[in-house]
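**Q** sequence and predicted model, in that order:
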Number of protein chains: 2
Amino acid sequence: MTKTASNLQIDSARLWGTIHETARFGATPKGGVRRLTLSAEDKQVRDWFREACEAAGLELHVDALGSMFGLRRGRDMSKPPIGLGSHLDTQPTGGKYDGVLGTLAALEVVRTLNDAGIETELPLCVCNWTNEEGSRFAPAMMASAAHVGDFTTADILSRKDAEGVTVAEALEAIGYRGETPVGKQKFSGFVELHIEQGPLLEAEGKTIGVVDSGQGVLWYDGKITGFESHAGSTPMPLRRDALATLSEIVLAMESIASKHGPNAVGTIGEAVIAKPSRNVIPGEIAFTVDCRSADADIMDALDRDLRASVAEIAARRKVDVALDLVWRKEPTHFHPGFVDTIENAARTLGYSHRRITSGAGHDACNLNTIMPAAMVFVPCKDGISHNELEDATQADCAAGANVLMHAVLALAGVAA
Amino acid sequence: MTKTASNLQIDSARLWGTIHETARFGATPKGGVRRLTLSAEDKQVRDWFREACEAAGLELHVDALGSMFGLRRGRDMSKPPIGLGSHLDTQPTGGKYDGVLGTLAALEVVRTLNDAGIETELPLCVCNWTNEEGSRFAPAMMASAAHVGDFTTADILSRKDAEGVTVAEALEAIGYRGETPVGKQKFSGFVELHIEQGPLLEAEGKTIGVVDSGQGVLWYDGKITGFESHAGSTPMPLRRDALATLSEIVLAMESIASKHGPNAVGTIGEAVIAKPSRNVIPGEIAFTVDCRSADADIMDALDRDLRASVAEIAARRKVDVALDLVWRKEPTHFHPGFVDTIENAARTLGYSHRRITSGAGHDACNLNTIMPAAMVFVPCKDGISHNELEDATQADCAAGANVLMHAVLALAGVAA
């Protein structure tokens, strides 16, 4: 990093203004945002973003899955750019910061460099990845997954939403089926700023999370088959209660995840009793399990311990429990050099910081599989996201954008 | 009991025949019965029953709530009759025996006495009580409850089903709004034969349950308010998981009921996660609790222990748990003399038997509040009822009808 740039700060009020200006596209009465990917509201924010990028001198192009890339030329155009950005789509009742902060902070970095007349060695590329959320089309993070070759473009284009509309049709309907082949835009690396979506930074009073890893995920579908019987006339010892069985599994999951902590979590988020009735002992329950760790060995241990507990509980209670692994995603280990660069930027700027693991998936996790990548987190109120109550402070958003800018300057280099 | 009657047996094949003959009214494809109270199917079985009663020489009258009473004259008409019977309505997907056995066994008793030319001292009254099940109109057992004065006739007539049809309209639609004022038919006592609806007799290989008590009931509505958060990014120690809280409550209920056993049960039959999602920690759950015991002191202890456990769990997990008692029904203690009479009949007939508590509510429990009453149970397969799989053997049904007949003969006396 050169002396020229070391005291540079983004314009906090301008960043905050763009966040609130774009929040009107899909604004909900309770202060949140409903901006499903490739919807009319998504077109509105994309049009706004395109115009803002072009006004900032970026060369904008759109790929075949609608991801938007705004190129800022560097001194050395023989190398691919450093990418920075995130996504502008939201959950059905989402907030104003998830994805938006990272995308608009990338724009703000470019505006700040423009104002300061700073040229980087490597070019920069501001990114808005299509469908990070996965609420309308599955899978989540589909564009970055296709970018790294996990899916073909044709496969993703054929995916349908609940109304049967394909991704291809939705892209065409809003005019964002671009010309650039997916994956053609190369990067020297990628940095994504995001709200934490968890409570750790707030709980510890830290401003910056230096994200060094992303959790691997195990998803299971479970089904308990006990025996439905009369709540009044079935003595306790003769019951085969599916809900009591589930209860033991829930507490076992909690205890197993805690035992393998702090770097492990386990959750049963869905549990549906078949034919529930106040005076009937539950006979059948479908449930799901979500286990995560950033350590593949711990993931294996979570799987082993959970299966052993479930088998013991089922045998003791004389019920059947089916537990099927439906998805395993390996942990992400972000590029050590990029992580160090982000940590250095936070330290240099004087922000309190800590290393942190991302509990949620992000486009940067996909991109990290083919390029060096890392992430910057800032606190969000009470750790809430995917909710209209999602909140973050102007100061924290600005701090995150400053760390993003200085990390990108360090990675791209400032032209002499 | 006189020598004349001591070897008398009901006609097992005839009883079995009537059970299966009436099962066609509302028959379901899987071998069950759907015969909601006061429905077209209920009218069919009522018409059949009226004709059969009249053919057996009974004087039939119907009260203002549709309950059917078939009087068989005794030698001493100055005393009210001994009542025997049950109900002919079923659950939406009910079986062929619940209620039906007791009502048709009462008819079979009369047919047998007719065939044997036996006159009783007291008259007998074969009963079919309206809406025991409570599936279409609330409350369950409404006609017997009104009979004993727990509700006014006008109140019950105004109750509506899910389509807004009142009891009065439903009675008129099928022609069963009778002339007899509710409660006008007096009884010297009442005996009801019923399938156990529980697993005890079958598990112990006993043919006859001598029902000496009915469980009291505590119903609660509960609501857990924890905090909904991201399953990936919320560390285990910072969670306020509503499902983990519920799980502890379910297991506490199970342990409390077992501790106060064998004469206590406790069940959580309904539990609904608000906005369930695979990767969201449940923040809010509504649930219901059903606790029962035939001992009022144990009911108090169940209530006390449950509330204490819930308070401890909620405080430790930092969640709110509301637990509201929505119904308390005191236990039934059947008339000791009637219970002894049933036990004697079972012994004399050589059937294996045991004293038993009814876990379910029955019309006999209501009637017991104003007259001596008791019940006879026979086993049902796997303890299943309120289900198309409900099953009982011809031999057990016949044994129950024989015990019913001999108990009624002992209570009514055989005319010299």
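**A** That came in fine, so what should we check first? Residues are numbered from 1 along each chain as shown, chains lettered A, B, ... in the order given.
**Q** count the residues that sit near A:Ala398.
**A** Residue crowding around A:Ala398 was assessed by other C-beta atoms under 10 Å in any protein chain shown; the count is 22. Glycine gets a C-beta too; all of them are placed from N, C-alpha and C.
**Q** tally of neighbours for the nearest residue to it once chain neighbours are set aside?
**A** What sits nearest to A:Ala398 in space, not counting adjacent residues and going by C-beta to C-beta, 6 or more residues apart in numbering or on different chains, is A:Ser12, at 3.7 Å. For A:Ser12, the neighbour count with other C-beta under 10 Å is 16.
**Q** got the contact list for A:Ser12?
**A** Contacts for A:Ser12 (C-beta atoms under 8 Å, 6 or more residues apart in numbering or on different chains) come out as A:Gln394, A:Ala395, A:Cys397, A:Ala398, A:Ala401.
**Q** ramachandran coordinates for it?
**A** phi -60, psi -40 (degrees, to the nearest 10).
**Q** so how far is A:Ala242 from it?
**A** 54 Å (C-beta to C-beta, to the nearest Å).
**Q** got it, and A:Ile342?
**A** 47 Å.
**Q** the two - which one has more neighbours?
**A** A:Ile342 (31 against 28).
**Q** show me what contacts that one?
**A** A:Val191, A:Val210, A:Val211, A:Ala374, A:Met375, A:Val376, A:Val403, A:Ala407.
**Q** pLDDT below threshold where in chain A?
**A** Along chain A, the model assigns pLDDT under 70 to residues A:1-5.
**Q** after the lengthiest helix in it, which helix or strand is next?
**A** Secondary structure of chain A per DSSP state H: the longest helix is helix A:296-317. Using DSSP states H and E, the helix or strand that follows helix A:296-317 in sequence is strand A:320-329.
**Q** dump that following strand to CSV, restricted to CA.
**A** Below are the C-alpha coordinates for strand A:320-329, written out as CSV (Å, rounded to 0.1, in the frame of the first residue of the first chain):
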residue,chain,number,x,y,z
ASP,A,320,-38.2,-46.0,13.8
VAL,A,321,-36.1,-43.0,13.0
ALA,A,322,-35.0,-42.5,9.4
LEU,A,323,-32.2,-39.9,9.0
ASP,A,324,-31.0,-39.2,5.5
LEU,A,325,-28.1,-36.9,4.6
VAL,A,326,-29.5,-34.8,1.7
TRP,A,327,-26.6,-32.4,1.3
ARG,A,328,-23.0,-32.1,2.4
LYS,A,329,-21.1,-28.9,1.6
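**Q** for it, buried residues please.
**A** A:Val321, A:Leu323 (16 or more other C-beta atoms under 10 Å in any protein chain shown).
**Q** pull the distance from it to the chain's centre.
**A** 23 Å (C-alpha atoms, centre = their mean, to the nearest Å).
**Q** same question, stretch A:157-173
**A** When distances are taken as C-alpha atoms, centre = their mean, stretch A:157-173 is centred 22 Å away from the chain's centroid.
**Q** that one near chain B at all?
**A** No: counting by C-beta under 8 Å from any C-beta of the partner chain, chain B is not contacted by stretch A:157-173; separation bottoms out at 15.5 Å.
**Q** and the residue minimising distance to the centre of chain A, backbone torsions?
**A** Geometric centre of chain A, nearest residue: A:His362, 3.4 Å, by C-alpha atoms, centre = their mean. Dihedral angles phi and psi of A:His362 (degrees, to the nearest 10) take the values phi -140, psi 160.
**Q** and it, what does it touch?
**A** A:Ser86, A:Glu132, A:Met141, A:Glu192, A:His194, A:Gly214, A:Met375.
**Q** quick revisit: counting by contacts, list what the longest helix of chain A packs against.
**A** When contacts are defined as 3 or more C-beta pairs under 8 Å, 6 or more residues apart in numbering or on different chains; DSSP states H and E, helix A:296-317 sits against strand A:216-225, helix A:242-259, strand A:284-293, strand A:320-329.
**Q** what's the first helix or strand after the first one?
**A** Sequence-wise, the next helix or strand downstream of strand A:216-225 (DSSP H and E) is strand A:229-230.
**Q** ditto for the last one
**A** Per DSSP H and E, the first helix or strand lying C-terminal to strand A:320-329 is strand A:332-333.
**Q** what is that following strand packed up against?
**A** strand A:208-214.
**Q** partners of the strand it packs on, with directions?
**A** Partner strands and pairing direction for strand A:208-214 (DSSP bridges) are strand A:332-333 (antiparallel), strand A:353-358 (parallel), strand A:373-378 (antiparallel).
**Q** pipe those into JSON lines and attach mean neighbour count and distance to B:Arg292 per row.
**A** Formatted as JSON lines, the strands paired with strand A:208-214 follow (neighbours: other C-beta atoms under 10 Å in any protein chain shown; distance: least, C-beta to C-beta, whole Å):
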{"stretch": "strand A:332-333", "mean neighbour count": "20", "distance to B:Arg292": "53"}
{"stretch": "strand A:353-358", "mean neighbour count": "21", "distance to B:Arg292": "48"}
{"stretch": "strand A:373-378", "mean neighbour count": "29", "distance to B:Arg292": "52"}
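**Q** among those strands, which is nearest A:Val310?
**A** In this view, these are compared for proximity to A:Val310 by C-beta to C-beta, and strand A:353-358 is the closest at 26.1 Å.
**Q** returning to what we had before: out of the contacts of A:Ile342, who's nearest chain B?
**A** Nearest to chain B among these, counting by C-beta to the nearest C-beta, is A:Val211 at 11.0 Å.
**Q** OK, contacts around the closest one?
**A** By C-beta under 8 Å, 6+ apart, the neighbours of A:Val211 are A:Phe334, A:Val339, A:Ile342, A:Arg355, A:Ile356, A:Thr357, A:Ser358, A:Ala374, A:Met375, A:Val376, A:Phe377.
**Q** got the contact list for the fourth one?
**A** Yep, that's A:Arg355 we're talking about. Going by C-beta under 8 Å, 6+ apart, A:Arg355 touches A:Gly209, A:Val210, A:Val211, A:Asp212, A:Val339, A:Glu343.
**Q** roughly how far apart are it and chain B?
**A** 14 Å (C-beta to the nearest C-beta, to the nearest Å).
**Q** bridging residues for that residue?
**A** Note on A:Arg355: beta-bridge partners A:Val210, judged by DSSP bridges.
**Q** how about the last one?
**A** Beta bridges link A:Phe377 to A:His194, A:Gly209 when assigned by DSSP bridges.
**Q** am I right that it is in contact with A:Gly359?
**A** No: taking contacts as C-beta atoms under 8 Å, A:Phe377 lies outside contact range of A:Gly359: 10.4 Å.
**Q** excluding its backbone neighbours, what's nearest A:Ile313?
**A** Leaving aside its chain neighbours, A:Ile313 sits nearest to A:Glu248 (4.7 Å; criterion: C-beta to C-beta, 6+ apart).
**Q** look up how far A:Leu113 lies from the one you found.
**A** For A:Glu248, the distance to A:Leu113 equals 57 Å [C-beta to C-beta].
**Q** can you tell me the closest non-neighbouring residue to the residue of the stretch 51-200 of chain A found nearest chain B?
**A** Minimum separation of the stretch 51-200 of chain A from chain B (C-beta to the nearest C-beta) falls at A:Gly198, amounting to 2.9 Å. Counting by C-beta to C-beta, 6+ apart, A:Gly198 lies nearest to B:Ser233, which is 2.9 Å off, once chain neighbours are set aside.
**Q** list the contacts of that neighbour.
**A** Residues in contact with B:Ser233 (C-beta under 8 Å, 6+ apart) are A:Glu196, A:Gln197, A:Gly198, A:Pro199, A:Leu200, A:Ser358, A:Gly359, A:Ala360, A:Gly383.
**Q** looking at those, which are in strands?
**A** Among those, DSSP state E puts A:Ser358 in strands.
**Q** export the contacts of B:Ser233 to TSV and append columns for distance to B:Val167.
**A** Output for the contacts of B:Ser233, formatted as TSV (distance: C-beta to C-beta, whole Å):
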residue	distance to B:Val167
A:Glu196	59
A:Gln197	54
A:Gly198	56
A:Pro199	55
A:Leu200	60
A:Ser358	60
A:Gly359	56
A:Ala360	55
A:Gly383	53
